[in-house]
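**Student:** I'll drop the sequence and a predicted model, then ask my questions.
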Amino acid sequence: MSTETPVAVTGAEGFIGSHLVEALVASGRRVRAMVQYNSFASHGWLELLAPDVLDRVEVVLGDVRDSGSVRDLVAGSDTVYHLAALIAIPYSYRAPRSYVDTNVSGTLNVLEAVRELGIPRLVHTSTSETYGTAQTVPITEDHPIVTQSPYAASKAGGDRLADSYHASFGTPVVTLRPFNTFGPRQSMRAVIPTVIGQVAAGEREVTLGDLRPTRDFMYVGDTASAFVAVGTAPAEKVVGRTFNAGTGGEISIGDLVRLIGKLMDTELLVREDAQRLRPAASEVMRLVCDATRLREATGWRPAHSLEDGLSHTIDFFRDPAHLARYKTGTYNV
């Protein structure tokens, strides 16, 4: 693949998407980055990328829900990384149809464009939430799909479409299923930036939901490198397959909060907020990854410990210019 032939990224302005764009440019690629059209002329987190990175990025305004803008984005690329999605679980209880429109119909538009234009590879993004609460630990790709929220169901729907297009049309799709990614630029809807952001803003009482669930938290730089790994590995090793990406470790939300407090040299008081609790049957209590398949196919391994990743994230939120981009204390969804 020529380094001057662009790769296309949907959801490029988002948390993981912006880090993936950086990683792709660092690997020598040019990137065509779809940013959802908005009236604020905002390119999201791409605006924080260094000028020499942005020199190799073409920003394309569009929307994955529109088939024409998707087709225009991917035309002439050799790899498509599909990350655009609605991801906030609490809001999916309130507006489930919007999740189907973006996460299912949007994925269909990407699959159709890739199929019709003969793009050599599509990397589709799944989520560990499709597994539901772990029935066996660690979770392999053979674990049953148990969707416990409208968000998870919409992502599973996109996954099944991707599988069907490979089986039906030979579409060269590979699915990456990251576990709980965290790091700089993450939304305040997620637990780690919620805690770090509140402390960085001078608060000592943090508001959270259930502290019992355990998660496999992976630093965003490692998630980005996993995307690059499945996007560049020999086709015979990855196309038509689904790969978990995670560290294999787990920590409860309560212990995570205590660790963040220690790293920020702050004794935290945690207050439980009922608005942050999922419906009882919807809470996913345990997620821990088995990434053996990804490691064997591509050689990928995470390069950051949880503490290292948290330290990088703390440094980001302690920068007043970064913290100013958030509205601390107003993020129930």
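**Tutor:** Alright, I've got the coordinates.
**Student:** okay, CA-based contacts and neighbour counts for the rest of this
**Tutor:** Fine.
**Student:** what sits against the nearest residue to Leu108 once chain neighbours are set aside?
**Tutor:** In this structure, Leu108 finds its nearest non-sequential neighbour in Leu161, 6.9 Å apart by C-alpha to C-alpha, 6 or more residues apart in numbering. Neighbouring residues of Leu161 by C-alpha atoms under 8 Å, 6 or more residues apart in numbering: 104, 107-108.
**Student:** Turn those residues into CSV, columns for secondary structure, neighbour count and pLDDT.
**Tutor:** Shown next, in CSV, are the contacts of Leu161 (DSSP: H, G, I helix; E, B strand; the rest coil; neighbours: other C-alpha atoms under 10 Å; pLDDT from 0 to 100):
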residue, secondary structure, neighbour count, pLDDT
Val104, helix, 23, 98
Thr107, helix, 29, 98
Leu108, helix, 21, 98
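**Student:** and which of the residues you listed is nearest Ser92?
**Tutor:** Nearest to Ser92 among the contacts of Leu161 is Val104, at 13.4 Å by C-alpha to C-alpha.
**Student:** Settle this for me: that closest one is touching Ala153, isn't it.
**Tutor:** No. The pair Val104 / Ala153 is not scored as a contact, 9.4 Å apart, by C-alpha atoms under 8 Å.
**Student:** quick one on the thing from earlier: now, which of the contacts of Leu161 sits nearest Glu283?
**Tutor:** Val104 (22.3 Å).
**Student:** Name the nearest residue to that closest one, sequence neighbours excluded.
**Tutor:** Gly158 (4.7 Å).
**Student:** Would you map the helices across the stretch 201-333 of the chain?
**Tutor:** Secondary structure of the stretch 201-333 of the chain (DSSP state H, counting those that start in this stretch): helices at 220-232, 235-238, 253-263, 292-298, 306-318, 320-323.
**Student:** Neighbours of Pro6, how many?
**Tutor:** 23 (other C-alpha atoms under 10 Å).
**Student:** ugh, wrong one, Lys262
**Tutor:** 12.
**Student:** Now name the helix or strand holding Arg32.
**Tutor:** Element membership for Arg32 (DSSP states H and E) is strand 31-36.
**Student:** Quick one: list the elements packing against the following helix or strand past that strand.
**Tutor:** Using DSSP H and E, the helix or strand that follows strand 31-36 in sequence is helix 51-54. With contacts defined as 3 or more C-alpha pairs under 8 Å, 6 or more residues apart in numbering; DSSP states H and E, the packing partners of helix 51-54 are helix 15-26.
**Student:** hang on, the earlier thing: show me which positions of the strand holding Arg32 end up buried.
**Tutor:** 31-36 (16 or more other C-alpha atoms under 10 Å).
**Student:** got the contact list for the helix or strand harbouring Ile196?
**Tutor:** Assigned by DSSP H and E, Ile196 falls within helix 191-200. Contacts to helix 191-200, defined as C-alpha under 8 Å, 6+ apart, come from residues 182-183, 186-188, 204, 206, 208, 257, 260, 264, 266, 313-314, 317-318, 323, 328-329.
**Student:** Break down the stretch 1-150 of the chain into its strands, ranges please.
**Tutor:** Assigned by DSSP state E, counting those that start in this stretch, the stretch 1-150 of the chain shows strands spanning 7-10, 31-36, 57-62, 79-82, 121-125.
**Student:** Find the residue closest to the residue of the chain most remote from its centre in space, skipping its chain neighbours.
**Tutor:** In terms of distance from the mean C-alpha position of the chain, Glu267 ranks first, at 30.0 Å (C-alpha atoms, centre = their mean). Excluding the flanking residues, the one nearest Glu267 by C-alpha to C-alpha, 6+ apart is Gly261, at 5.7 Å.
**Student:** Would you mind measuring the gap between the ends of stretch 125-135?
**Tutor:** Start and end residues of stretch 125-135 are separated by 22 Å (C-alpha to C-alpha, to the nearest Å).
**Student:** circling back: tell me what angle the helix holding Ile196 forms with helix 306-318.
**Tutor:** Orientation of helix 191-200 against helix 306-318 (axes from the mean of the first three to the mean of the last three C-alpha atoms, to 10 degrees) gives an angle of 50 degrees.
**Student:** Adjacent strands (with direction) for the strand holding Arg32?
**Tutor:** strand 7-10 (parallel), strand 57-62 (parallel) (DSSP bridges).
**Student:** buried residues in the longest one?
**Tutor:** Pointing back at strand 57-62 there. Residues 57, 59-62 are the ones in strand 57-62 that count as buried (16+ other C-alpha under 10 Å).
**Student:** now do the first one
**Tutor:** Of the residues in strand 7-10, those buried under the neighbour-count criterion (16+ other C-alpha under 10 Å) are 7-10.
**Student:** correct me, but Thr140 touches Asn244?
**Tutor:** Yes. With contact defined as C-alpha under 8 Å, Thr140 counts as touching Asn244 (7.2 Å).
**Student:** which residues are common contacts for these two?
**Tutor:** What both Thr140 and Asn244 touch, as defined by C-alpha under 8 Å, 6+ apart, is the set 289-291.
**Student:** mind listing which of those residues are in strands?
**Tutor:** Among the shared contacts of Thr140 and Asn244, DSSP state E puts none in strands.
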